[in-house]
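Peer 1: Got a predicted structure plus its sequence, pasted below:
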Amino acid sequence: MSKKDTRRLIAVSNRLPIVVKEEDGRWQLEAGAGGLVTALSPVLKGHRGMWIGWPGCDEAAPLDELVGRFAAEEGYGLGTVPLTQEEVEEYYEGFSNMTLWPLFHDLLGLCQFNPRHWEAYVKVNRRFAEVTATRVEEEDLIWVQDYQLMLMGGRLRELGVKNPLAFFLHIPFPSLDLFRRLPWKMEILRGLLEFDLVGFQTLRDRRNFVACARELLPELRAEVRRRTTLLRWDEREIRVGHFPISIDFSEFNNHARSRDVADAAWYLHEHYENRQLILGVDRLDYTKGIPERLLAFERALERYPELHGKMNLVQIVVPSRTQVPEYQLLKDQLDQLAGRINARFGQAGWIPIHYMFRSLDRVQLLAHYRAAEIALITPLRDGMNLVAKEYCAASVDNNGVLILSEFAGAAEELGKGAVLVNPYDIDGTAEAIRRACTMEQGERQRRMRMLRASVQRNNVHRWVEYFVNSL
Ligand SMILES: Nc1ncnc2c1ncn2[C@@H]1O[C@H](COP(=O)(O)OP(=O)(O)O[C@H]2O[C@H](CO)[C@@H](O)[C@H](O)[C@H]2O)[C@@H](O)[C@H]1O
Ligand SMILES: O=P(O)(O)OC[C@H](O)CO
């Protein structure tokens, strides 16, 4: 949003940027984790906005009081959409996370197509629209976020909301071949076409969407413009663009240089006895390629014994979607893999993999980024991947090597400075680990300078400005 633009921004997403908890009989609000929170909070703070979403807590919480406190402290308001336990199971865990999430990440084999889940998805999307309609004022921009809410636009129109409506998809949009497997593809497609602007992370996602729309709605007309594709359908015009999301570069860069972070990074190096640190940081998710990464690390230890004792893989996994069975299985798989590889290669005084299943606070996260000589970010498929960008912004000594999956949206922008890998290619990723461990200082610095300049230029403020200006 440009500085001149004074319109209020209403962001709507499944989850509010908060976690409500009861500790020792006292209710508290904590900031939530995840890419969306990281990206949107600074923007809403700057534009006296409002965030509408599911508070994710039980009915006993004194929500009004907590929400009021949040607005006073954070500088933007919250609107809440409560969900019942059954709705959480069917709309969120069910249709959103067992159908759309795997399908849109090209993992058809993990998809469930359950009509009950679909019905709950329709119902909850309508509810989100109804709550939003009661909060909206004449000049507001409404910006709906992500795959859980693709049907909101239609209901907002039915309710007579005339404000500009925008939608941004944080995850990839699948190819026509995959999208057509969805029994409710036409409803989703028509739902997205109710918005005035539909944004994707990458050019590939935008092209996939336009290809689906043209194929499944033959009467639709598409015209490629300079920055967007203009669709004409049902007497309306819809703009479709790609807007790679980013981070607040200055915030990460400045905080990474602070005394707290420098001390914590120094302590980490001492703790790991000055070995090279290879860092993985992910939400627990089967799209992030963590088992494949551990196997590639194992292959590197098999093939390059000269690396033994010289480096550690520090893998941090933040708990996520723990009620979905696939995520529970993944957790067990990771525990077993890390244990097996450590038992196979560990020596007195050297445990190859340090695996932590928890969230880190900001100072610790930045200290890990700053201390790590290598970031190993190997999703099987990812809309963007903000960890890759955060690592670059926090590598203030220009000394880090970014190994990045070619299937992360971030690879479109960071492909030149990063060492790109195919995460399914275990040998290739192992070779990339060796290459990064032995890369000369000059090449490290040249690559990281390029990466940092790119993240600095294409920061989150530019993302919002570019998106809103396209409306
Ligand atoms: N152990 C830990 N402790 C503390 N914080 C941790 C952590 N592990 C991860 N985080 C934080 O969580 C965020 C994760 O963002 P990502 O972009 O990697 O993925 P996510 O799948 O959540 O987001 C979705 O939205 C984003 C934004 O659009 C897209 O990049 C992505 O592809 C899409 O799946 C980062 O900001 C990171 O700092
Ligand atoms: O925990 P979830 O399901 O809200 O996922 C958050 C991630 O940022 C995915 O968009």
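Peer 2: Nice, I can see it. Ligands and ions are numbered 1, 2, ... in the order given.
Peer 1: give the contact list for Phe95.
Peer 2: Asn114, His117, Trp118, Ala120, Tyr121 (CB atoms under 8 Å, 6 or more residues apart in numbering). Placement of C-beta: from N, CA and C, glycine included.
Peer 1: What of Phe407?
Peer 2: Phe407 sits in contact with Pro379, Leu380, Arg381, Asp382, Asn422, Pro423, where contact means CB under 8 Å, 6+ apart.
Peer 1: what's the most distant pair in those residues?
Peer 2: Taking CB to CB as the measure, these span a maximum distance of 13.6 Å, between Asp382 and Asn422.
Peer 1: quick one on the thing from earlier: buried ones among the contacts of Phe407?
Peer 2: Pro379, Leu380, Arg381, Asp382, Pro423 (16 or more other CB atoms under 10 Å).
Peer 1: does the residue in the stretch 151-300 of the chain that ligand 2 sits nearest to belong to a helix or a strand, and which?
Peer 2: Closest to ligand 2 within the stretch 151-300 of the chain is His170: 5.3 Å, counting by CB to the nearest ligand atom. Using DSSP states H and E, His170 maps to neither a helix nor a strand.
Peer 1: Might one say that it is in contact with Asn385?
Peer 2: No - look at His170 against Asn385 with CB atoms under 8 Å: they stay out of range, at 10.7 Å.
Peer 1: Tell me which of the two has more neighbours.
Peer 2: The neighbour count for His170 versus Asn385, taken as other CB atoms under 10 Å, is higher for Asn385 (25 against 21).
Peer 1: of the buried ones among the contacts of Phe407, closest to ligand 2?
Peer 2: The closest of the buried ones among the contacts of Phe407, once distances to ligand 2 are taken by CB to the nearest ligand atom, is Asp382, at 10.1 Å.
Peer 1: For that closest one, name its beta-bridge partners.
Peer 2: Beta-bridge partners for Asp382, by DSSP bridges, are Ala408.
Peer 1: Read off the pLDDT value for it.
Peer 2: With respect to pLDDT, Asp382 scores 98.
Peer 1: and what of Asp263?
Peer 2: The model's pLDDT for Asp263 equals 97.
Peer 1: Residues contacting whichever helix or strand it is part of, please?
Peer 2: Assigned by DSSP H and E, Asp263 belongs to helix 259-271. Outside helix 259-271, the residues that touch it by CB under 8 Å, 6+ apart are His255, Leu277, Val363, Gln364, Leu366, Ala367, His368, Arg370, Ala371, Ala394.
Peer 1: among those residues, which are in helices?
Peer 2: Using DSSP state H, His255, Val363, Gln364, Leu366, Ala367, His368, Arg370, Ala371, Ala394 are the members of these that sit in helices.
Peer 1: So for the third one, what's the nearest residue that isn't a sequence neighbour?
Peer 2: Once flanking residues are discounted, Gln364 sits nearest to Ala264: 6.3 Å by CB to CB, 6 or more residues apart in numbering.
Peer 1: Look at the one you found and say how many residues are nearby.
Peer 2: 19.
Peer 1: Could you measure from it over to Leu365?
Peer 2: 10 Å (CB to CB, to the nearest Å).
Peer 1: Kindly report the same for Trp54.
Peer 2: Distance from Trp54 to Leu365, by CB to CB: 25 Å.
Peer 1: ok, now Glu59?
Peer 2: 33 Å.
Peer 1: Who has more neighbours out of those two?
Peer 2: Neighbours around Glu59 and Leu365, counted as other CB under 10 Å, are more numerous at Leu365. The numbers are 23 against 7.
Peer 1: Report the beta-bridge partners for the nearest residue to that one once chain neighbours are set aside.
Peer 2: The shortest distance from Leu365 to any non-neighbouring residue, by CB to CB, 6+ apart, is to Val281 (7.1 Å). Counting by DSSP bridges, Val281 is bridged to Ile316.
Peer 1: from the buried ones among the contacts of Phe407, which are also near ligand 1?
Peer 2: Among the buried ones among the contacts of Phe407, the residues that sit close to ligand 1 (CB under 6 Å from any ligand atom) are Asp382.
Peer 1: With distance to ligand 2 as added columns, please give the buried ones among the contacts of Phe407 in a markdown table.
Peer 2: Output for those, formatted as a markdown table (distance: CB to the nearest ligand atom, whole Å):
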| residue | distance to ligand 2 |
| --- | --- |
| Pro379 | 12 |
| Leu380 | 15 |
| Arg381 | 13 |
| Asp382 | 10 |
| Pro423 | 19 |
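Peer 1: Just give the number of residues close to the residue of the stretch 201-350 of the chain found nearest ligand 1.
Peer 2: Across the stretch 201-350 of the chain, no residue is closer to ligand 1 than Val318, which sits at 3.6 Å (CB to the nearest ligand atom). Val318 is flanked by 17 other residues according to other CB under 10 Å.
Peer 1: same thing with Ile374?
Peer 2: Counted with other CB under 10 Å, the neighbours of Ile374 add up to 26.
Peer 1: Beta-bridge partners for it, please?
Peer 2: Here Ile374, judged by DSSP bridges, has bridge partners Ile278, Val401.
Peer 1: List the contacts of it.
Peer 2: Gln276, Leu277, Ile278, Leu279, Met311, Gly400, Val401, Leu402, Ile403, Ile433, Ala436, Cys437.
Peer 1: Try it again at 10 Å.
Peer 2: Residues near Ile374 by CB atoms under 10 Å, 6 or more residues apart in numbering: 276-280, 311, 313, 391, 399-403, 419, 432-433, 435-437, 439, 444.
Peer 1: Which members of these are classed as buried?
Peer 2: 276-280, 311, 313, 391, 400-403, 419, 432-433, 436-437, 439, 444.
Peer 1: domain parsing for the chain?
Peer 2: Structural domains annotated on the chain: 9-245+461-470, 249-457, as defined by automatic domain parsing.
Peer 1: averaging pLDDT over each of those domains, which comes out lowest?
Peer 2: Lowest mean pLDDT within the domains of the chain: domain 9-245+461-470, at a mean of 91.
Peer 1: That one: end-to-end distance?
Peer 2: 15 Å (CA to CA, to the nearest Å).
Peer 1: Then stretch 242-256?
Peer 2: 30 Å.
Peer 1: Determine how far that stretch lies from the middle of the whole chain.
Peer 2: Stretch 242-256 has its average C-alpha position 13 Å from the chain's average C-alpha position, going by CA atoms, centre = their mean, to the nearest Å.
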